[in-house]
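1. what's the 3D shape of this:
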Amino acid sequence: MPEVVEIDGETLTPEQIEAVARDGAAVTVPESVRRSVRESRDRIETILETDEPVYGVNTGFGELVQERIPEARIGAVQRNLVRSHAAGAGEELPKSVVRAMMTARVNTLVKGYSGVRECVVDLLVQLLNQGVHPVVRSKGSLGASGDLAPLAHMTLVLIGEGEATVDGDRMDGAAALERVDLDPLVLGAKEGLALINGTQLTTCLGALVVLDAERAVRAADVAGAMTTEVTMSTTASSHPRINDVRPHQGHREAADNVRALTADSEIVQSHRNCDRVQDAYSIRCLPQVHGAVRDAVRHLRNVVTVELNSATDNPLIFDADRVDPRASGTDDAAVLSGGNFHGEPLALPLDYVTSAIAELASISERRLDRLLNPNVQAEHLPPFLTADAGVQSGYMITQYVAADLVSTNRAEGRPSMDNVPVSGNQEDHVSMSAQSALRAADAVERTLRVVASELVCATQAIDFVDPAYTPGSGTKAAYDCVRDSVPYLDDDRPVHADVDAATDLIVSDLLFERVEAATDEPLQ
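-> Numbers count the residues shown, from 1 in each chain. Take a look at the predicted model:
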């Protein structure tokens, strides 16, 4: 990824979010989009010159919408809005998620429908580029009117309040700005609302979920292909003709990966004419299950990409001549109140992906059991993959831990089906999308560890295969990659470190780089 990510309001991707969030890339806003920001602010100034009540500009908020605000107190209202809405609870968000949220907020502001001054955008950019990271509580958003509480905690630092970290030091917002020679922002009309009203926590979490879920499903293809080999199972279940008569895209991609990974496997060839008729579902149905997960994640990627490049503020500011005359405003500016802050378009696919990724962990755990369990193992594999079973327990407990992680995933539920009316029943239907995003992120993290457990145990199992038969070039590359970080288990040791190391190989993409170099084609 580039060291600098250009934010233009239209083309932001999950990969660019990750570059800023996790890799520390800087951001820049091109001059070509700044004109839209200035024009949007000009429309707000035009509205202020009239005495017409316009929500978010010179009125109260939520149930207090009927309260008119005199011009002299508009700035105080915006400041108080941010202060009062910073009521979050729970654990603090990781720095990476805060950076992602700030990046996504810049992108929606530069679209030119929020009515903020250019200096608001510039301050957010400067905070990102100079490493000032607001302390943001993770709980408190209902996903309508957007992610209010988390975004308010973020915005406090812009006005010199709240808390932030700079170079690892935690301090109050004013000290954080002073540390990097920045002045606090004095909010103008609409600006407090524009900064906290939107889906940016849900969206940026969704972007990171997409990338990590894609890693999990690719890694599951690798681990599953290795398990297929070492359990003396067949790759015929990944034959393209099976997919031809049920042509789901995810199925095809998973099956293609398994065939590419095992294309020249002598292990597979060694038992091609054996008398086994069919393999267990966790192996035989790998393309169908992994494929369904892929298609769910693909749907979420599409939704998140649209949302990253959307205006999710309320109200939105438009040219008057382009808008229905029923909109409030003036001859030059129109203000439309709507519901783009509502997180339902994100909440539903996030819940879907939580269920899908739980199934990926489930099928991986079942293959893990087939590697370890002496009641179902292939004959050449020792119990729990240790040569001294009884004296040693080998990798026995990795399956216990995987079972716990799978069970926890299944208990996550579907937050989007809940609803708690708020704001005096003015906001009587909310999405709970932030809960959906947080739970999806947790489920993906657990699933990565289950898949890493299968990867470790499949690597150990290869060491018990007759050395006269070599794995496929792809699975051999995966074996070598794991062995560079995880030594052969010849005596009992705390094996959590083995799974930690394998998880790191997945999330760093090193596993995929090594496999793709060996197979000379990209994993899908």
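2. burial check on the residue nearest to residue 234 when sequence neighbours are not counted, number of neighbours?
-> Computed as C-beta to C-beta, 6 or more residues apart in numbering, the closest residue to residue 234 that is not its neighbour in sequence is residue 279, at 6.3 Å. For the C-beta atoms, the positions are set from N, CA and C on the backbone; glycine is no exception. Neighbourhood size, residue 279 [other C-beta atoms under 10 Å]: 19.
3. also residue 152?
-> 27.
4. give me the domain ranges for this protein.
-> Recorded structural domains for the chain (assignment: automatic domain parsing) are 4-198, 207-302+343-417+431-519.
5. surely the residue nearest to residue 234 is within a helix?
-> No: per DSSP: H, G, I helix; E, B strand; the rest coil, residue 279 lies outside any helix segment and is coil.
6. and it, its phi and psi?
-> Torsion angles at residue 279 (phi, psi; degrees, to the nearest 10) stand at phi -100, psi 170.
7. likewise for the one 5 residues further on?
-> Reported as degrees, to the nearest 10, the phi and psi values for residue 284 are phi -60, psi -40.
8. going forward, begin numbering at 37 instead of 1
-> I'll keep to 37 as the first residue from here, and by that count the last item is residue 320.
9. got a list of what it touches?
-> Contact analysis of residue 320 by C-beta atoms under 8 Å, 6 or more residues apart in numbering lists 269, 273, 314.
10. mind redoing it with 10 Å?
-> Residues counted as contacts of residue 320 (C-beta atoms under 10 Å, 6 or more residues apart in numbering) are 264, 269-270, 272-274, 314.
11. that one and residue 274, how far apart?
-> Using C-beta to C-beta, to the nearest Å, residue 320 is found at 10 Å from residue 274.
12. return the list of helices and strands in contact with whatever helix or strand residue 155 lives in.
-> For residue 155, the host element (DSSP states H and E) is helix 154-165. Packing partners of helix 154-165 (3 or more C-beta pairs under 10 Å, 6 or more residues apart in numbering; DSSP states H and E): helix 50-57, strand 62-64, helix 67-84, helix 131-145, strand 168-170, helix 184-194, helix 209-215, helix 227-232.
13. touching the next helix or strand after the fifth one from outside, list them.
-> So that's strand 168-170. Downstream of strand 168-170, the first helix or strand assigned by DSSP H and E is strand 173-175. Contact partners of strand 173-175, identified using C-beta under 10 Å, 6+ apart, comprise 122-130, 133, 185-186, 188-189, 237, 241, 470-471, 474.
14. picking that back up, quick one: which of the contacts of residue 320 is most hemmed in?
-> residue 264 leads those on contacts (other C-beta under 10 Å) with 28 neighbours.
15. is it correct that that residue is in contact with residue 307?
-> No: at 11.5 Å, residue 264 and residue 307 do not qualify as touching, with contact defined as C-beta atoms under 10 Å.
16. between those two, what contacts are shared?
-> With C-beta under 10 Å, 6+ apart, residue 264 and residue 307 have common neighbours residue 270.
17. check which residues of the helix holding residue 155 are buried.
-> 154-165 (16 or more other C-beta atoms under 10 Å).
18. for it, list the C-alpha coordinates in CSV.
-> Provided in CSV are the C-alpha atoms of helix 154-165 (Å, rounded to 0.1, in the frame of the first residue of the first chain):
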residue,chain,number,x,y,z
GLU,A,154,-12.1,23.3,5.4
CYS,A,155,-10.2,23.8,8.7
VAL,A,156,-12.3,21.0,10.3
VAL,A,157,-11.2,18.5,7.6
ASP,A,158,-7.6,19.8,7.9
LEU,A,159,-7.5,19.3,11.6
LEU,A,160,-8.6,15.7,11.4
VAL,A,161,-6.0,15.1,8.7
GLN,A,162,-3.3,16.7,10.9
LEU,A,163,-4.3,14.5,13.9
LEU,A,164,-3.9,11.4,11.8
ASN,A,165,-0.6,12.4,10.2
